[in-house]
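>>> curious how this folds, go ahead:
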Amino acid sequence: MASEAARRIVDEPEGEGYFASVSDLMVGILFVFLLMLTVFALNYQTSTEDVEKLKAELVRLEALARERAEAAERARREAEQAKIEADAQRRLAELERQEAERQRQLAEAERERNAELQRLLARQRQALLRALDLLDREVESRQRTREVLLERMRERLHERGVIVQIDHRSGVLRLPERELRFPTRSAELGPEERRAVRVLAEVMAEVLPCFAEGGARTGCAADDQPVLETVLIEGHTDRRPLAPDRDFRDNLQLSAARALTVYRALAADRAALLGLLNPDRQPLLGVSGYGETRPLPAALGDSERDLAANRRIDIRFILSARTTDEIERLREEIRRALGEIP
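Residues are numbered from 1 along each chain as shown. Here you go, the predicted structure:
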């Protein structure tokens, strides 16, 4: 088309041809411009589409990058959480190990404490067994010693014509009414009764110093020992009530008066009896009156025989409660062992 326009310009006359050539040139230029504009438009449209595609791809890539970043952040946080949990598990395991070690040490300390307690208890048990054995032997020895005392007194009284009864369990030497009878409602001794009390005083003065302190130990056996706490002169009556009078209000007062009469008669015949002492350096002899309140187990009836059996004077030999030095030492050992137990 351009070549054809050029040919027309050459062939046409110079005046009209000039303007025709310019017109054709302008048309040609416009055509070229339009062509270029069309190409530009086409290129612009293509570039716009490419840009949109690039934008879309960029958006996709940005979204993908965000997703990967978020995934990386989640992975980092999960890793940190896992590390925190691992650290917590490690600390927990360490705490459990420390607690197990503490429990082991406590158990070991408890075992040692129990072992020590067992040793202390074993020592305490041995000390208790020794103390019990010594107490048993001492009680038996004291009981045997009192039995020896009672038998010795009975034998010597029997040799002098005074018949008495012995109660070994209670430690009582009993003067029945046939040996020591008081007139009715009276605390006075008759001639025969005074003789019996005199014999009793002689025998007591011979025997008691071997089993008490403060007297001359003459004729004592090698194993005699001071075991007496008290020797009571006890008065007893039968169960028949006593009508009050100017001398005695009741059987209790009458029994005490009769015991006191015997006590004074013994002291008058053998003053040395008043010098006898117990382990606490107190006077050995004493007096008590029980009236009808302590009848004999075999004389609980109202027969004359039972009534007569309860009208009596008893000499009660009470053993001392003092212990030996060995028992005192064991008691201290037991106290120490008990004090060592927390």
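>>> wait, what's in contact with residue 230?
Under the criterion of Cβ atoms under 8 Å, 6 or more residues apart in numbering, the contact partners of residue 230 comprise 278, 284, 285, 286, 316, 318. Heads up, the C-betas are built off the backbone N, CA and C, glycines and all.
>>> in the chain, where is pLDDT below threshold?
By pLDDT under 70, the low-scoring segments of the chain are 1-20, 322-328, 330-331, 337-342.
>>> neighbouring contacts of stretch 270-286?
Taking contacts as Cβ under 8 Å, 6+ apart, the residues outside stretch 270-286 that touch it are 201-202, 204-205, 208-209, 212-216, 226, 228-233, 263, 266-267, 320, 322.
>>> which among those count as buried?
Buried subset of the contacts of stretch 270-286 (neighbour count, 16 or more other Cβ atoms under 10 Å): 201-202, 204-205, 208-209, 212-215, 226, 228-233, 263, 266, 320.
>>> in helices, which of those residues fall?
Judged by DSSP state H, helices contain the following of these: 201, 202, 204, 205, 263, 266.
>>> check those and tell me the two furthest apart.
Maximum pairwise distance among these (Cβ to Cβ): 15.7 Å, between 202 and 263.
>>> of the contacts of residue 230, closest to residue 180?
Taking Cβ to Cβ as the measure, residue 180 lies nearest residue 316 of those, at 15.1 Å.
>>> how many residues are close by that closest one?
By the measure other Cβ atoms under 10 Å, the count of residues near residue 316 is 17.
>>> need the phi and psi values for it.
Torsion angles at residue 316 (phi, psi; degrees, to the nearest 10) stand at phi -100, psi 120.
>>> and if you look at residue 175?
Its backbone dihedrals place residue 175 at phi -100, psi 100, with angles given as degrees, to the nearest 10.
>>> my read: it touches residue 196, true?
Yes. At 7.1 Å, residue 175 counts as touching residue 196 under the criterion of Cβ atoms under 8 Å.
>>> isn't residue 319 right next to residue 147, touching?
No. Applying Cβ under 8 Å as the test, residue 319 and residue 147 come out as separate, 11.1 Å apart.
>>> give me the three-state assignment for residue 162.
Following DSSP: H, G, I helix; E, B strand; the rest coil, the label given to residue 162 is coil.
>>> how about residue 83?
Secondary structure for residue 83, judged by three-state DSSP, is helix.
>>> so what's residue 293 up against?
The contact partners of residue 293, taken as Cβ under 8 Å, 6+ apart, are residue 252.
>>> run through who's touching stretch 248-265.
Counting by Cβ under 8 Å, 6+ apart, the neighbours of stretch 248-265 from elsewhere in the structure are 180, 182, 185, 187-189, 194, 197-198, 201, 233-238, 241-242, 244, 285, 287-293, 313.
>>> cutoff 7 Å now
182, 185, 187, 189, 194, 197, 233-237, 242, 244, 285, 287-292, 313 (Cβ atoms under 7 Å, 6 or more residues apart in numbering).
>>> so which of the residues you listed belong to strands?
Judged by DSSP state E, the subset of these located in strands is 233, 234, 235, 236, 285, 287, 288, 289, 290, 291, 313.
>>> what's across from the third one in the sheet?
Beta-bridge partners for residue 235, by DSSP bridges, are residue 289, residue 313.
>>> isn't it right next to residue 289, touching?
Yes. In this structure, residue 235 is within contact of residue 289 by Cβ atoms under 7 Å, at 4.4 Å.
>>> the more surrounded of the two?
Just comparing residue 235 and residue 289: by other Cβ under 10 Å the higher neighbour count belongs to residue 235, 29 against 20.
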